[in-house]
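Asks: Could you look at this predicted model? Sequence included:
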Amino acid sequence: MAELVTLDARFDPKMKVYLVLQVAAVLAATMVGIAALPFWAILGPIWAQMYFPTIQARLSDRALLYSHGVFFRQEMSIPLDKIQDVSLSHGPLLDALGLSTLRVETAGGGQTGSAAVLVGVRDAAEFRAAVIARRDAVAANPRGGADDELALLRDIRDALVRIEEKLGSKAPTPPV
């Protein structure tokens, strides 16, 4: 399989507004959060401005690389052959801002059920299609295969035989 060019996801700057409003909605749902809303109104946009440039998603020929975070940076590499589904979702707030969410589900995704949630990807449907196409290409033509594995096992066997031959002439005789 020929080496594919990496594809970088582009994120819409409107997601900064979405992030601030999302946290504000959670805060408004609790008594303590309501008291924190004025602070969030000041600090939220500052945090969103710092957070937005840290978001990166890159699709290579073997994995989806995703990283984000201001104070606590999270970086993940999701092998394409482990991706089960890439879903595209919308909600009222996302629709109002013209955004969508890509949710990458993996085999054995754990308790969260998804490996990555990418909010605000521009041309999300096209990026989703690219991820699925590359995942399917990897599944149809995996690197390696039975012939490569058999050759590797033969190399290991031959190395062990050479080691045994060298040890055989120098090895002490086992006690009786």
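Replies: Received the coordinates, thanks. Residues are numbered from 1 along each chain as shown.
Asks: who's residue 118 bridged to?
Replies: Taking DSSP bridges, one obtains residue 102 as the residues bridged to residue 118.
Asks: could you point out the longest helix in the protein?
Replies: Taking DSSP state H as the criterion, the chain has its longest helix at helix 146-170.
Asks: mean confidence score for that one?
Replies: Confidence for helix 146-170, expressed as mean pLDDT, is 78.
Asks: Please compute how far that helix lies from its chain's middle.
Replies: 37 Å (C-alpha atoms, centre = their mean, to the nearest Å).
Asks: Which elements pack onto that helix?
Replies: Applying 3 or more C-beta pairs under 8 Å, 6 or more residues apart in numbering; DSSP states H and E, one finds that helix 146-170 contacts no other helix or strand. For the C-beta atoms, the positions are set from N, CA and C on the backbone; glycine is no exception.
Asks: name the element residue 58 belongs to?
Replies: strand 56-59 (DSSP states H and E).
Asks: For residue 39, report the pLDDT, please.
Replies: 93.
Asks: Residue numbering should commence at 402 henceforth.
Replies: In the new count, where the first residue is 402, that last one comes out as residue 440.
Asks: So it: helix, strand or coil?
Replies: What DSSP: H, G, I helix; E, B strand; the rest coil gives for residue 440 is helix.
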